[in-house]
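**Q** Sequence and computational prediction follow.
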Amino acid sequence: MSEFGSHGGFSATSGASGSHDRPSQGGTAPVLRAPRSRARIETIIPCCVNQLLTATLVDNVFKVRGIVVSQVSIVGLIRKAERAPSHILYKIDDMTTKPMDARLWLGRGRAKQELTPCPVGVYAKVFGILRGSEEVKMLEVLHIRVLEDMNEFTSHILETVNAHMMLAKALEAARGQSAPATPSLVDQAPAYGEPRPELIQEEVRRLIHECPQQEGKSIRELQTELGSLSIKAIKEALEYLMVEGHIYPTVDGEHFKSAD
């Protein structure tokens, strides 16, 4: 896991870094609150906003495609920066879905200071912890800084794809050690409905990987070879494989090649 980045303690070189003292306000504590002590980040998983907002909450842990995500980094455009007595609320937009709320707690000492928020309209990298519920999610900011070079935005996209591919493979390997080999999709298909999504994804990925054609495998060919599956299920599998970086479109939006 260390290849995804190990960061222990941040200092604000540009932008602002977070403090994790609880705000000294009376009344009911907010659902999205700062932790009791300073968090030391051991593993940060680069993500896109869409992955965070669609993460599922299982046993009080957020997961993206079965991968646990807690301490994460995102890169996006600051659409809003609003200061309150105890925090600064940012809206970060990386264009993968709607902007995500990111809250930087100021703490008792910093709340009295005239801390200037990062400006609206610039790209920033945000390190934080995913908080909230299934319906409402927010990033609790540990550190935020303005990008000095837009190549960082491209690098973040590549890091996100690479990290989730490696985590997915590690998860697959762990599951493989505790379970027998998965039969082929056709053999596994139940008499009713369709197989599980992960089995469809694996079979679609295999067929695309084995395709020798330069333009790649077409959706029509996949539908012919996977006749028992609906076009909707095939397209959902293609979308998942593209997001995870396993495949990419070629001559048009109907043909795909393997990135593996």
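**A** Happy to help now that I have it.
**Q** what ranges do the helices span in the stretch 51-200 of the chain?
**A** For the stretch 51-200 of the chain, the helices defined by DSSP state H, counting those that start in this stretch occupy 107-111, 151-178, 185-188, 197-210.
**Q** Out of the ones you listed, point me to the one whose mean pLDDT is lowest.
**A** Lowest mean pLDDT within the helices of the stretch 51-200 of the chain: helix 185-188, a mean of 44.
**Q** re the thing from before, point out the most buried one among the helices of the stretch 51-200 of the chain.
**A** Across the helices of the stretch 51-200 of the chain, averaging neighbours per residue (mean count of other Cβ atoms under 10 Å) puts helix 197-210 on top, at a mean of 18. For glycine as for every other residue, the C-beta is placed from the backbone atoms N, C-alpha and C.
**Q** most residues in a single strand of this protein, which one?
**A** Among all segments of the chain classified by DSSP state E, the strand with the greatest residue count is strand 71-83.
**Q** how about that strand: buried residues?
**A** For strand 71-83, a neighbour-count test (16 or more other Cβ atoms under 10 Å) marks 71-78, 81 as buried.
**Q** Quick check: closest non-adjacent residue to Ile231.
**A** Leaving aside its sequence neighbours, Ile231 sits nearest to Gln223 (Cβ to Cβ, 6 or more residues apart in numbering; 5.9 Å).
**Q** how does the protein divide up, domain by domain?
**A** As given by automatic domain parsing, the domain ranges for the chain are 2-164, 182-258.
**Q** Any chance of TSV for these, columns distance to Ala173?
**A** Compiled in TSV, the domains of the chain are given as follows (distance: least, Cβ to Cβ, whole Å):
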stretch	distance to Ala173
domain 2-164	13
domain 182-258	13
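**Q** right, and the ones you listed - which one's nearest Ala174?
**A** Smallest distance to Ala174 across these (Cβ to Cβ): 10.2 Å, for domain 2-164.
**Q** Where does pLDDT dip in the chain?
**A** 1-42, 108-114, 176-195 (pLDDT under 70).
**Q** What segments of it are strands?
**A** 16-17, 45-46, 56-58, 61-64, 67-68, 71-83, 87-93, 100-105, 123-132, 137-146, 217-218, 247-249, 255-258.
**Q** The longest one pairs with which strands?
**A** Each strand paired with strand 71-83, and its direction, by DSSP bridges: strand 45-46 (parallel), strand 87-93 (antiparallel), strand 123-132 (antiparallel).
**Q** Now tabulate the ones you listed in JSON lines and tack on distance to Pro212 and mean neighbour count.
**A** Putting the strands paired with strand 71-83 into JSON lines (distance: least, Cβ to Cβ, whole Å; neighbours: other Cβ atoms under 10 Å) gives the following:
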{"stretch": "strand 45-46", "distance to Pro212": "33", "mean neighbour count": "22"}
{"stretch": "strand 87-93", "distance to Pro212": "41", "mean neighbour count": "21"}
{"stretch": "strand 123-132", "distance to Pro212": "41", "mean neighbour count": "22"}
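**Q** out of those, nearest to Thr54?
**A** For Thr54, the closest of the strands paired with strand 71-83 is strand 123-132, at 11.6 Å, according to Cβ to Cβ.
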